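Colleague: Show me the folded form of this:
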Amino acid sequence: MKKLLSILLAGIIMVAGMTACSDKESQQEAQSGDAAVQFTDFRGNEITLDEYPERIVSLSPTSTEIMFAIGAQDKLVGVTNSCDYPAEALEKEKVGDFSGPNLEMIVNLKPDVVVGGTYIQEDVTQALSELGIPVISTEAENIEDIFKSIEILGMLSQNEENAQDVIADMETKLAEIAEKVKDSEPVSVFYVVWKDPFKTAGNNTFINEVITLAGGENVASDVEGWADYSREELIVKNPYAIVSSSHSSAEKETEESLVADPLFSDLEASKAKRIHIMSDDSIIARGGPRIVDAIEEIRVALESWK
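Modeller: Just a heads-up that it's a prediction; the model follows:
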């Protein structure tokens, strides 16, 4: 991978070298000394930009969704094949998959910055950095991180007021949900990320907080992050309810398919058919503004079984 990226990087530099050099010289001459933007991203990198970016490539469906939500879509010049919400995102120039973006496509779009999750390959980050394109990482572990991501993208795009409006709207919806669950006894919940290998969302994931805010208790909160989980441990925990993405396996899952699955057949949740398949995977898989919709959907499901 490193060798391939090195070859590609060399080719890109040869094609774009003269333009890049002249652009950098012009930018350096125009810089006034004080940075326009300074902050720490989610990888702990200190980001300093002398000018607000006008051309942004997003390697994250979440970042793309946030950019549209805050009205900054005009500054998005490129997105990944997975950036499918809102529908207008499908019209943006594609730069490959978020886990393996096409460097040449990105460079040809002449972005001022690239934004994406902390999962961006180090080789990709390094290659872009060597071309003078900053890579900004945003990835939420909780609701506060989602707010921070919205604030960062609002600041970068100079849409700070819109970003605060989006956050305020989310906070209002969260307060409404909190009012609905305040008198309810929390019930134990297990979230299925993937069935083979068997994975769940543990502590320090935003899904862990989603379950709590919806009136549940995540039985996997004793493990960290996006973790492997054993069927034996799940049987011991015997959760009240199971929540799953519809794409937790190669086949699209349904409530009926999970009830019949040997992984869950011994659980009270399965026997009582307390299994909920998310109506839209993207609302819970992406740490963006629609996460409040995921919380409300799970809350309604849990309440319906009481």
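
Colleague: need the helices for the stretch 201-306 of the chain, in chain order.
Modeller: Here the stretch 201-306 of the chain has its helices, by DSSP state H, counting those that start in this stretch, at 206-213, 231-237, 255-260, 268-271, 281-285, 291-304.

Colleague: Show me where the stretch 101-250 of the chain has its strands.
Modeller: Using DSSP state E, counting those that start in this stretch, the strands of the stretch 101-250 of the chain run over residues 113-116, 135-137, 187-195, 198-201, 216-218, 226-228, 241-244.

Colleague: Throw the ones you listed into TSV and include distance to Leu90, thanks.
Modeller: (Each C-beta comes from the backbone N, C-alpha and C, glycine too.) Formatted as TSV, the strands of the stretch 101-250 of the chain follow (distance: least, Cβ to Cβ, whole Å):
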stretch	distance to Leu90
strand 113-116	18
strand 135-137	23
strand 187-195	26
strand 198-201	28
strand 216-218	33
strand 226-228	27
strand 241-244	26
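
Colleague: Can you lay out these as TSV showing mean neighbour count?
Modeller: Converted to TSV, these look like this (neighbours: other Cβ atoms under 10 Å):
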stretch	mean neighbour count
strand 113-116	25
strand 135-137	23
strand 187-195	22
strand 198-201	22
strand 216-218	22
strand 226-228	14
strand 241-244	26
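
Colleague: Need the ones you listed in CSV (columns: mean pLDDT and distance to Glu161).
Modeller: CSV is the format used below for these (pLDDT from 0 to 100; distance: least, Cβ to Cβ, whole Å):
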stretch, mean pLDDT, distance to Glu161
strand 113-116, 94, 20
strand 135-137, 93, 21
strand 187-195, 96, 35
strand 198-201, 95, 33
strand 216-218, 98, 35
strand 226-228, 95, 34
strand 241-244, 97, 35
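
Colleague: ok, Leu302 - contacts?
Modeller: Val187, Val189, Ala214, Gly215, Gly216, Ala241 (Cβ atoms under 8 Å, 6 or more residues apart in numbering).

Colleague: Low-confidence bits of the protein, can you list those?
Modeller: Residue ranges of the chain with pLDDT under 70: 1-33.

Colleague: Domain-wise, how is it divided?
Modeller: 38-165, 184-304 (automatic domain parsing).
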